[in-house]
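*Asks:* Based on what follows, work out the 3D shape:
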Amino acid sequence: MHENNVANLNQKTVEFFYDALGGIKKYLDDPNVTDLMLNPDGNLWIDTFSGGQTKTGERIEWEQAEQIIRLASGIKGKYFDEANPSVATELIGNGERFQGVMPPQSSYPIFTIRKKPLKIFSLQDYLEHQALTIAQYKVLKYAIQSRKNILIAGATGSGKTTFANAVLKEVAEMNTRIAILEDTAELLCSSPNHYKFQTTEQVSMQRLLKDTLRMNIDSIVVGEVRGKEALDLLKAWNTGHPGGVATIHSDSAIDALYRLEQLILEGSIDCQRHLISKAINVVVFLAKNETRQRVVQEILEVQGLIKPVTPYKIVKC
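*Replies:* This next block holds a predicted model:
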């Protein structure tokens, strides 16, 4: 009975939250919109797949913004007051990621909503939107069909997850069993033969990887590599689990490999360059161009190690 009451209360809070959004809810329903961002001046901006960041011309007043943040914090029972003026949560329902901040941490109630994709864009879509060149498209198609391990890199907001979904759409056609491991549920997979694991405060990404290796899996997909689990992932990719996909934060394609080294050193005395060079086959780097459109800026093929200062042997594609 208690569990039913909690579930009903959470559902009511979710309904109140979406009602509080008012007219801006239409942006959550637009498949071209990826993020909603309220700035301290009360102006609402959106980020889109096709056109980058845009000012909507809509304003959200203090009282509405505060109500939205408080309702978001209540959906999963987050503790929120003046001593804890920020909230990070995953919204129940469509799974949007919500980050809200209130004074005194900010001068005005502000928030960002990162949407879970409503549509899986394909590599063909990227090609048609000129976010991917024909040469890059052919390289990626060959890499996926050859079951290469692909690392997708970029800065925050560069479109790594959306592009990972496009790659995963192709992987799903390979007739393999796919494991998808995430901190926040964002990846979508059309394959009938896949499962998803999600981390919790008690269960780490390392634990998910170890459990996955006992479950007769072909391809391992990680939503984002952000800690010492990097070593576990590379070991898994290098021991009979080709065709993997993962994302990572970095400032360039080559920096993604060095970022892996840094993460591995969080749990190892060696940066494992030999393992990285064997386990990572292709690095895709995404960035926003001069019109703020997310594009594939660079693709590298990792072919091994060399001795000089730049240790990785790579070919630009």
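
*Asks:* Mind pulling up the pLDDT for the nearest residue to residue 127 once chain neighbours are set aside?
*Replies:* Nearest non-adjacent residue to residue 127, counting by CB to CB, 6 or more residues apart in numbering: residue 137, 5.0 Å away. C-betas here are computed from N, CA, C, even on glycine. What the model reports as pLDDT for residue 137 is 97.

*Asks:* Distance-wise, check residue 137 relative to residue 50.
*Replies:* Applying CB to CB, to the nearest Å, the value for residue 137 to residue 50 is 18 Å.

*Asks:* likewise residue 84?
*Replies:* 37 Å.

*Asks:* With residue 257 instead?
*Replies:* Taking CB to CB, one finds residue 257 at 30 Å from residue 50.

*Asks:* Tell me which of those two has more neighbours.
*Replies:* Taking neighbours as other CB atoms under 10 Å, residue 257 and residue 50 compare with residue 257 leading, 24 against 13.

*Asks:* The more buried one reaches residue 283, doesn't it?
*Replies:* Yes. Using CB atoms under 8 Å, residue 257 is in contact with residue 283, at 6.8 Å.

*Asks:* Which neighbours do the two have in common?
*Replies:* residue 302 (CB atoms under 8 Å, 6 or more residues apart in numbering).

*Asks:* Buried residues, stretch 67-80. List them.
*Replies:* For stretch 67-80, a neighbour-count test (16 or more other CB atoms under 10 Å) marks 67, 68, 69, 70, 71, 72, 73, 74, 75, 78, 80 as buried.

*Asks:* ok, now stretch 20-35?
*Replies:* Applying 16+ other CB under 10 Å to stretch 20-35 flags 20, 21, 24, 27, 28, 33, 34, 35 as buried.

*Asks:* And for the fourth one, nearest residue in space, chain neighbours not counted?
*Replies:* Beyond its immediate neighbours in the sequence, the residue positioned closest to residue 27 (CB to CB, 6+ apart) is residue 33, lying 4.8 Å away.

*Asks:* okay if I get the buried residues of stretch 20-35 as JSON lines plus pLDDT?
*Replies:* Shown next, in JSON lines, are the buried residues of stretch 20-35 (pLDDT from 0 to 100):
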{"residue": "20", "pLDDT": "90"}
{"residue": "21", "pLDDT": "91"}
{"residue": "24", "pLDDT": "92"}
{"residue": "27", "pLDDT": "92"}
{"residue": "28", "pLDDT": "88"}
{"residue": "33", "pLDDT": "88"}
{"residue": "34", "pLDDT": "86"}
{"residue": "35", "pLDDT": "90"}
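
*Asks:* Which pair in the residues you listed has the greatest spatial separation?
*Replies:* Greatest spatial distance in the buried residues of stretch 20-35: 20 and 34, 21.2 Å, computed using CB to CB.

*Asks:* Only the C-alpha atoms, please, for the host helix or strand of residue 46, written as PDB.
*Replies:* Element membership for residue 46 (DSSP states H and E) is strand 43-48. Below are the C-alpha coordinates for strand 43-48, written out as PDB (Å, rounded to 0.1, in the frame of the first residue of the first chain):
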ATOM      1  CA  ASN A  43      15.200  34.100 -21.600                       C
ATOM      2  CA  LEU A  44      14.700  30.600 -22.800                       C
ATOM      3  CA  TRP A  45      17.100  29.100 -25.400                       C
ATOM      4  CA  ILE A  46      17.000  25.800 -27.200                       C
ATOM      5  CA  ASP A  47      19.600  23.700 -28.900                       C
ATOM      6  CA  THR A  48      18.700  21.800 -32.000                       C
END
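
*Asks:* Determine how far stretch 150-163 lies from the middle of the whole chain.
*Replies:* 7 Å (CA atoms, centre = their mean, to the nearest Å).

*Asks:* Give me the mean pLDDT for it.
*Replies:* For stretch 150-163, the mean per-residue pLDDT is 93.

*Asks:* Can you give me the buried ones in that stretch?
*Replies:* For stretch 150-163, the neighbour count (16+ other CB under 10 Å) marks 150, 151, 152, 153, 154, 157, 158, 159, 160, 161, 162, 163 as buried.
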